[in-house]
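>>> Take this sequence and fold it.
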Amino acid sequence: MRVGVLGGGLQGCCIALALSQRGVEVALFDRNNELLSRTAVANEGKVHLGYMYANDPSHSTARMMIDGALAFAPFFARHLGLEIESMAVSRPATYVVHRDSQRSLEEILQYLQVTHQMIGEASEGKRNCYFGRDLLGELRKWSSVECEEQFDPTVAIAAFDTPEVAIDPVALARAVNARTKADPRIEIKLQHHVQSVEDTGGLEVLARTPTGIVRERYDHVVNALWDGRLLLNARRGLHPGRPWLHRLKYGISFRLPENNGIPLSATFISGPFGEVVSHSNGLTYLTWYPICLRGMSSDYAPPEWATYPSEPLRSQLLEDTLKAMSQFVLCLRSFEAKSLRDVVVKGGVILAWGNTDIYDPQSELHRRFDIGITSIGCFHSVDPGKLTMVPYFADLCADRIVAGV
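Presented below is the predicted three-dimensional model:
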């Protein structure tokens with residue numbers, strides 16, 4: 001059996017690796033000059049345990065994220081040859097309730113408590129699967145004194161310790177890239193811009209290359225594209241049947257000046273806020289939604305938004321994000337944009353159902369459980385929703401293909 005996997009981002013690479021592990025020959029298509037070069041490296045790397053989604057009181061999103069999070073590190077340990085506990089991750093995230101949260105403190109507390117209990121129950125018997133972290137401890141609420149030491153108390157009305165961490169997406173992409181290229185069952189087809197998948201007594205992939213159109217036939221085809229997935233599906237007559245939005249959101253990463261203290265990791269909920277992700281090696285990531293959201297599209301394929309913005313937007317994003325967040329995250333007040341090292345401003349596409357933005361408490365962007373694999377015959381389309389779910393769906397998709405379902 002030979003499978004064509006469309007999209008050389010993290011989802012496509014993971015599906016290719018999962019198929020190869022099952023003895024399947026794979027052709028991996030990507031339109032860029034390199035694998036994992038766009039959205040895969042333009043995010044905070046958060047491996048969500050479900051705490052973020054207080055605007056989904058059904059806990060359906062939390063259940064989905066827990067399944068994905070508990071599968072994440074074991075997948076990469078298996079394919080990259082790493083010990084789960086050795087994977088470099090951020091400081092655990094403190095979840096902070098913003099004064100303008102779309103949910104009351106009581107609602108958020110109840111949501112966090114239930115989610116934390118669900119995590120503990122799901123991790124029974126596999127306690128080291130989440131980067132070796134203890135998922136069975138208590139959910140601790142900060143004292144008012146602790147909050148005032150770290151945050152403006154007029155903005156942060158409560159804070160809670162969680163075990164949730166992020167992984168450096170650039171380092172992960174580098175490792176997955178090398179592993180994918182080294183796999184003898186995976187043929188990598190760069191600069192292949194897939195145009196369509198046609199039924200010609202099998203599934204035939206048509207791709208535009210620098211030398212012209214190529215056609216290749218496969219037993220199965222997996223659409224693991226990110227911002228091009230809906231368009232390719234539509235060309236096969238597979239329409240969503242519901243509204244959607246592509247959003248362009250930027251984030252800023254940098255390394256701290258020498259002898260600078262490492263900031264805490266903090267995520268603000270629930271609404272159009274953002275977070276600080278802090279790694280022990282000094283790598284820090286910031287994003288603040290009102291500043292970093294820079295594009296929106298309801299087209300089948302969004303515009304060709306730049307992953308790395310040019311000046312003056314680059315400097316504006318850096319300075320404005322740092323200024324906005326330092327007003328209430330006290331440890332950021334000592335940072336000056338000009339003193340930061342290795343600054344990278346990069347953006348990625350957020351694709352989610354619904355036609356309203358996160359400012360709407362009822363927006364479907366707050367509920368990310370209606371995702372996964374859609375199969376019609378031997379054509380499979382994969383919507384991971386979040387980075388967290390990528391390995392989970394990679395294994396499910398590979399199992400489905402091998403089983404012939």
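>>> low pLDDT regions in this structure?
40, 42, 259, 405 (pLDDT under 70).
>>> if I look at the residue of it positioned farthest from its centre, how far off is Cys378?
When distances to the mean C-alpha position of the chain are computed (CA atoms, centre = their mean), the maximum falls on Gly201, with 36.3 Å. Summarising the geometry, the distance separating Gly201 from Cys378, computed by CB to CB, to the nearest Å, is 12 Å. Yep, even glycine has a C-beta here, placed from its N, CA and C like the rest.
>>> three-state assignment of the residue farthest from the centre of the chain?
Secondary structure assignment for Gly201 (DSSP: H, G, I helix; E, B strand; the rest coil): coil.
>>> Just list the residues touching it, thanks.
Residues in contact with Gly201, defined by CB atoms under 8 Å, 6 or more residues apart in numbering, are Arg217.
>>> Look up how far Leu322 lies from it.
The gap separating Gly201 from Leu322 is 57 Å, by CB to CB.
>>> which residues in the stretch 1-150 of the chain form strands?
Using DSSP state E, counting those that start in this stretch, the strands of the stretch 1-150 of the chain run over 2-6, 25-29, 93-98.
>>> First residue to last residue on stretch 362-374, what's the distance there?
Between the start and the finish of stretch 362-374 there is a gap of 25 Å, counting by CA to CA, to the nearest Å.
>>> Looks like Gly50 contacts Met65 (just checking).
Yes - in this structure, Gly50 is within contact of Met65 by CB atoms under 8 Å, at 4.3 Å.
>>> any idea how far the residue nearest to Pro272 when sequence neighbours are not counted is from Gly7?
Closest residue in space to Pro272, ignoring its immediate chain neighbours: Tyr289 at 4.2 Å, by CB to CB, 6 or more residues apart in numbering. Summarising the geometry, the distance separating Tyr289 from Gly7, computed by CB to CB, is 26 Å.
>>> Check Tyr300 too.
Tyr300 sits 15 Å away from Gly7, going by CB to CB.
>>> now do Lys46
Lys46 is 21 Å from Gly7, where distance means CB to CB.
>>> Tell me which of those two has more neighbours.
Neighbours per residue, other CB atoms under 10 Å: of Lys46 and Gly7, the larger number sits with Gly7, 27 against 24.
>>> just checking, the more buried one touches Asn223?
Yes - Gly7 is within contact range of Asn223, at 7.2 Å (criterion: CB under 8 Å).
>>> pull the longest helix from this structure.
For the chain, the helix that runs over the most residues, judged by DSSP state H, is helix 60-80.
>>> how far out from the middle of the chain is that one?
With CA atoms, centre = their mean, to the nearest Å as the basis, the distance from the averaged C-alpha position of helix 60-80 to the chain average is 12 Å.
>>> Give the other helices and strands that that helix contacts.
helix 10-21, helix 105-122, helix 169-182, helix 390-403 (3 or more CB pairs under 8 Å, 6 or more residues apart in numbering; DSSP states H and E).
>>> buried set for the third one?
Judged by neighbour count (16 or more other CB atoms under 10 Å), helix 169-182 contains these buried residues: Pro169, Val170, Ala171, Leu172, Ala173, Ala175, Val176, Asn177, Arg179, Thr180.
>>> The third one is in contact with Ala88, isn't it?
Yes - at 6.9 Å, Ala171 counts as touching Ala88 under the criterion of CB under 8 Å.
>>> how far does stretch 14-24 sit from the chain's center?
Between the mean C-alpha location of stretch 14-24 and the chain-wide mean there is a distance of 21 Å, by CA atoms, centre = their mean.
>>> can you check stretch 48-67 too?
Its chain's C-alpha centre lies 14 Å from the corresponding centre of stretch 48-67 when counted by CA atoms, centre = their mean.
>>> Can you show me the CA trace of it as CSV?
Below are the C-alpha coordinates for stretch 48-67, written out as CSV (Å, rounded to 0.1, in the frame of the first residue of the first chain):
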residue,chain,number,x,y,z
HIS,A,48,-3.3,21.7,26.5
LEU,A,49,-4.9,19.8,29.3
GLY,A,50,-8.2,21.5,29.0
TYR,A,51,-7.9,24.4,31.5
MET,A,52,-8.3,27.0,28.8
TYR,A,53,-11.8,26.2,27.7
ALA,A,54,-14.0,27.5,30.5
ASN,A,55,-16.4,28.9,27.9
ASP,A,56,-17.3,25.3,27.1
PRO,A,57,-19.0,24.3,30.3
SER,A,58,-19.9,20.9,28.8
HIS,A,59,-16.2,19.9,29.2
SER,A,60,-16.3,18.4,25.7
THR,A,61,-13.3,20.4,24.7
ALA,A,62,-11.5,19.5,27.9
ARG,A,63,-12.1,15.7,27.3
MET,A,64,-10.7,16.0,23.8
MET,A,65,-7.6,17.9,24.9
ILE,A,66,-6.9,15.5,27.8
ASP,A,67,-6.9,12.6,25.3
